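Colleague: Below is the sequence, then the predicted model.
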Amino acid sequence: MAAILSLAGSNSSTSINYQLVQYTTSLIEGHEIRLLNMARYPFPMYSQDEENQKGYSNSLVELKDDIQNADAIILSVNEHNSNPSAYFKNVIDWLSRLERKFLLNKKILLMSTSAGKRGGAGSLEVTQNMLPRFGAEIVSTFSLPSFHENFSSNEITDDRLKIEHKKALNTFLETLK
């Protein structure tokens with residue numbers, strides 16, 4: 001049994017990426033799941049002055065510990081102007097200052113969704129290229145386009161996308177055996 005940390009890279013209380021993470025974790029059996037709602041993790045904008053004057057917050061240290069105590073991570077990143085949100089990038093900046101390889105040996109199912117037809121593809125690509133610098137192994141990816149047309153009643157409604165999602169999840173879970 002693996003310990004899986006699940007979260008969205010969004011701090012919105014109505015995050016569709018968080019809904020995708022919740023759905024994904026509902027499909028997993030036989031593993032210990034820890035679901036984090038990042039809307040409860042406020043972090044100041046990173047600056048060296050802030051770091052020098054105040055150091056690292058307890059929330060940041062706890063998040064880093066949660067990541068390091070997990071065997072694997074399910075992450076769905078939101079998109080702002082074809083990139084990860086400033087909030088998500090800020091969290092990465094803080095974590096990497098606390099410990100550069102904070103994702104060392106972490107297997108990751110990386111997902112993204114958006115209201116648009118590209119499903120957060122820009123953010124997914126940027127994040128997929130960024131996380132290995134911090135030690136992550138991206139095992140599989142999934143993008144859900146047009147969230148409001150393809151997700152309802154807490155599940156993916158498009159059969160083709162549901163199969164794609166299940167395949168990405170199964171690929172991820174197979175690496176945890």
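Modeller: All right, it came through fine.

Colleague: tell me which residues in the lengthiest helix in the chain are buried?
Modeller: Determined from DSSP state H, the single longest helix within the chain is helix 159-174. Judged by neighbour count using 16 or more other Cβ atoms under 10 Å, the buried positions of helix 159-174 are 161, 165, 168-169, 172-173. Where C-beta positions appear, they are placed from N, C-alpha and C, glycine not excepted.

Colleague: for these, which one is nearest Leu103?
Modeller: Phe172 (14.9 Å; Cβ to Cβ).

Colleague: I'd assumed Leu75 was in contact with the closest one.
Modeller: No. Phe172 is beyond contact range of Leu75, at 10.9 Å (criterion: Cβ atoms under 8 Å).

Colleague: which ones are touching the residue most central in space within the chain?
Modeller: Centrality entry for the chain: nearest residue to the mean C-alpha point is Leu75, 2.0 Å, by Cα atoms, centre = their mean. By Cβ atoms under 8 Å, 6 or more residues apart in numbering, the contact set of Leu75 is 6-9, 21, 108-111, 127.

Colleague: quick one: Asn37 and Phe102, what's the gap?
Modeller: 20 Å (Cβ to Cβ, to the nearest Å).

Colleague: Please tell me how far the helix or strand harbouring Trp94 is from the chain's geometric centre.
Modeller: When elements are assigned from DSSP states H and E, Trp94 belongs to helix 86-98. For helix 86-98, the separation from the chain centroid amounts to 13 Å (computed by Cα atoms, centre = their mean, to the nearest Å).

Colleague: where exactly do the strands run in the chain?
Modeller: With DSSP state E, the ranges of strands along the chain come out as 3-8, 32-36, 72-77, 79-80, 83-84, 107-113, 137-144, 151-152, 155-156.

Colleague: In CSV: the ones you listed, plus distance to Ser26.
Modeller: Converted to CSV, these look like this (distance: least, Cβ to Cβ, whole Å):
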stretch, distance to Ser26
strand 3-8, 10
strand 32-36, 9
strand 72-77, 11
strand 79-80, 23
strand 83-84, 25
strand 107-113, 14
strand 137-144, 15
strand 151-152, 13
strand 155-156, 8
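
Colleague: Could you take those and lay them out as a markdown table, with extra columns for distance to Thr14 and mean pLDDT?
Modeller: Below are the strands of the chain laid out as a markdown table (distance: least, Cβ to Cβ, whole Å; pLDDT from 0 to 100):
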| stretch | distance to Thr14 | mean pLDDT |
| --- | --- | --- |
| strand 3-8 | 11 | 98 |
| strand 32-36 | 16 | 98 |
| strand 72-77 | 14 | 98 |
| strand 79-80 | 15 | 94 |
| strand 83-84 | 18 | 96 |
| strand 107-113 | 13 | 98 |
| strand 137-144 | 16 | 98 |
| strand 151-152 | 13 | 97 |
| strand 155-156 | 18 | 98 |
